[in-house]
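S.K.: sequence plus the predicted model coming up.
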Amino acid sequence: MGTYYTPKSREREDRYLVSTDQYTHYHRNGYLIARGLVSKEDIAELYQLAEDTRLKTSPNEERNNASDPLNEEFKQQTRIHMLSRLDPAAERGLLNPRIVDVIEALIGPDVYAVQSMMFLNPPGRGGQGWHQDACYIRTHPDTLIGAWIALEEVDEANGCLWVVPGSNHEPIYPPDGIGGGNVHAVDAFSDLHAVQHVSHLDDEVNTLSRVVANYPPPISVPMQPGDVLFFHSHLFHRSYPNQTVDRFRRSYVLHYCNARSWVPWDHDHFDGDSGNYRQILARGRTHLPYAEPKFGTEVYLYDGDDSDGENVSMMGMDGMMMPVVQKK
């Protein structure tokens with residue numbers, strides 16, 4: 001007999017339970033908005049981290065010239081990758097159990113936490129043209145999912161996300177000039193064409209916009225602090241530069257995949273055979289290598305106890321497959 005595994009969501013006082021309508025909406029439309037999913041306390045911690053990052057101070061240092069923070073604009077870049085490998089608060093945000101509750105239901109039960117990005121987007125800056133996330137982070141099987149956390153009010157003026165509902169059913173269009181990008185077997189399609197300048201803000205330059213034009217008009221996704229947008233890695237999505245003069249657009253953006261996927265990716269470099277050993281196992285179990293939380297954030301893994309369950313295996317004689325309940 002093989003090893004039995006009955007996946008089960010762990011009980012927790014504040015566990016978030018996904019409805020079947022939410023599950024269907026995500027898989028039909030490619031996105032799901034969970035309003036107020038992250039607590040005010042957890043949002044405050046991530047907002048503080050964003051501010052400390054922007055002002056280039058540590059959480060324990062006095063801030064200088066904070067009376068007019070817009071004059072202290074974070075000049076080098078508008079996003080920081082993989083803070084979760086450097087800061088305990090960022091790791092807690094990546095492994096927030098209520099976020100992983102939703103990921104577990106949508107693509108689980110076994111979940112890798114793969115990437116974190118802190119976006120700051122000061123006035124006049126930020127924005128990213130049409131793209132599909134799986135062209136940047138490949139997983140095999142193809143199970144990548146994003147979680148976009150609003151740390152403050154986000155609307156069309158300061159650069160909210162725009163999505164194309166239903167475009168998650170598109171294949172990944174391989175971009176010219178980006179390492180990797182081939183999610184699908186090479187030459188498996190008769191007409192899957194390459195695209196140029198993916199993520200470029202100008203739709204005349206970014207040729208993925210020609211595929212987007214086949215759909216009804218994209219929709220904007222305004223959000224409040226604590227709202228989380230979950231989106232499929234094939235979904236066409238974008239944002240525009242912050243058009244305000246006195247507001248930032250702080251957000252924390254995360255990526256996960258099913259922990260049974262091979263991940264030939266790591267932010268620091270392409271590992272070649274696999275980057276799985278760098279990805280944190282956030283829920284369930286896996287037969288593949290994985291990392292543990294660097295700063296000790298609690299995760300809810302499979303405890304190996306199926307003693308109270310029943311498992312169905314496929315057994316039979318004379319080549320016939322039939323379900324047999326195994327009582328333990």
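M.R.: Received the coordinates, thanks.

S.K.: helix or strand with the lowest mean pLDDT in this structure?
M.R.: Of the helices and strands making up the chain, the lowest-confidence element is strand 310-315, at a mean of 41, by mean pLDDT, DSSP states H and E.

S.K.: can you pull out the helices in the stretch 151-300 of the chain?
M.R.: Listed in chain order, the helices found in the stretch 151-300 of the chain under DSSP state H, counting those that start in this stretch are 209-212.

S.K.: what ranges of it fall below the confidence cut-off?
M.R.: Within the stretch 151-300 of the chain, the ranges that satisfy pLDDT under 70 run 177-181, 268-273.

S.K.: helix or strand right after the strand or helix carrying A44?
M.R.: Taking DSSP states H and E as the definition, one finds A44 inside helix 40-54. Going down the chain from helix 40-54, the next helix or strand is strand 79-81, by DSSP H and E.

S.K.: need the next SSE after that next one, C-terminal direction.
M.R.: Next along from strand 79-81, by DSSP H and E: helix 88-94.

S.K.: just the CA coordinates for that following helix, please, in PDB.
M.R.: Provided in PDB are the C-alpha atoms of helix 88-94 (Å, rounded to 0.1, in the frame of the first residue of the first chain):
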ATOM      1  CA  PRO A  88      10.300  39.400  10.500                       C
ATOM      2  CA  ALA A  89       7.200  41.600   9.800                       C
ATOM      3  CA  ALA A  90       7.500  41.000   6.100                       C
ATOM      4  CA  GLU A  91       7.700  37.200   6.700                       C
ATOM      5  CA  ARG A  92       4.600  37.400   8.900                       C
ATOM      6  CA  GLY A  93       2.800  39.200   6.100                       C
ATOM      7  CA  LEU A  94       3.900  36.500   3.600                       C
END
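
S.K.: go ahead and confirm T143 touches V263.
M.R.: No - with contact defined as C-beta atoms under 8 Å, T143 does not count as touching V263 (9.6 Å). Using the backbone N, CA and C atoms, a C-beta is placed for each residue, glycine as well.

S.K.: so what sits against both of those two?
M.R.: The contact sets of T143 and V263 overlap at C257 (C-beta atoms under 8 Å, 6 or more residues apart in numbering).

S.K.: which one of those two is surrounded by more residues?
M.R.: Ranked by neighbour count (other C-beta atoms under 10 Å), T143 and V263 place V263 first, with 25 against 22.

S.K.: got the contact list for the more buried one?
M.R.: 112, 114, 137-139, 257, 274-276, 279.

S.K.: re earlier: so what does the helix holding A44 touch, helix or strand wise?
M.R.: Where contact means 3 or more C-beta pairs under 8 Å, 6 or more residues apart in numbering; DSSP states H and E, helix 40-54 is packed against helix 88-94, strand 111-119.

S.K.: just how off-centre is it within its chain?
M.R.: Relative to the chain's own centre, helix 40-54 is displaced by 19 Å; criterion: C-alpha atoms, centre = their mean, to the nearest Å.

S.K.: now it - C-alpha only, PDB.
M.R.: Provided in PDB are the C-alpha atoms of helix 40-54 (Å, rounded to 0.1, in the frame of the first residue of the first chain):
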ATOM      1  CA  LYS A  40      -6.100  46.300  11.100                       C
ATOM      2  CA  GLU A  41      -3.200  45.300  13.400                       C
ATOM      3  CA  ASP A  42      -1.500  43.300  10.700                       C
ATOM      4  CA  ILE A  43      -2.100  46.100   8.100                       C
ATOM      5  CA  ALA A  44      -0.600  48.600  10.500                       C
ATOM      6  CA  GLU A  45       2.500  46.500  10.900                       C
ATOM      7  CA  LEU A  46       3.000  46.200   7.100                       C
ATOM      8  CA  TYR A  47       2.300  49.900   6.600                       C
ATOM      9  CA  GLN A  48       4.900  50.700   9.100                       C
ATOM     10  CA  LEU A  49       7.400  48.500   7.300                       C
ATOM     11  CA  ALA A  50       6.600  50.300   4.100                       C
ATOM     12  CA  GLU A  51       7.200  53.600   5.700                       C
ATOM     13  CA  ASP A  52      10.400  52.500   7.300                       C
ATOM     14  CA  THR A  53      11.500  51.100   3.900                       C
ATOM     15  CA  ARG A  54      10.600  54.400   2.200                       C
END
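
S.K.: cheers, nothing more for now.
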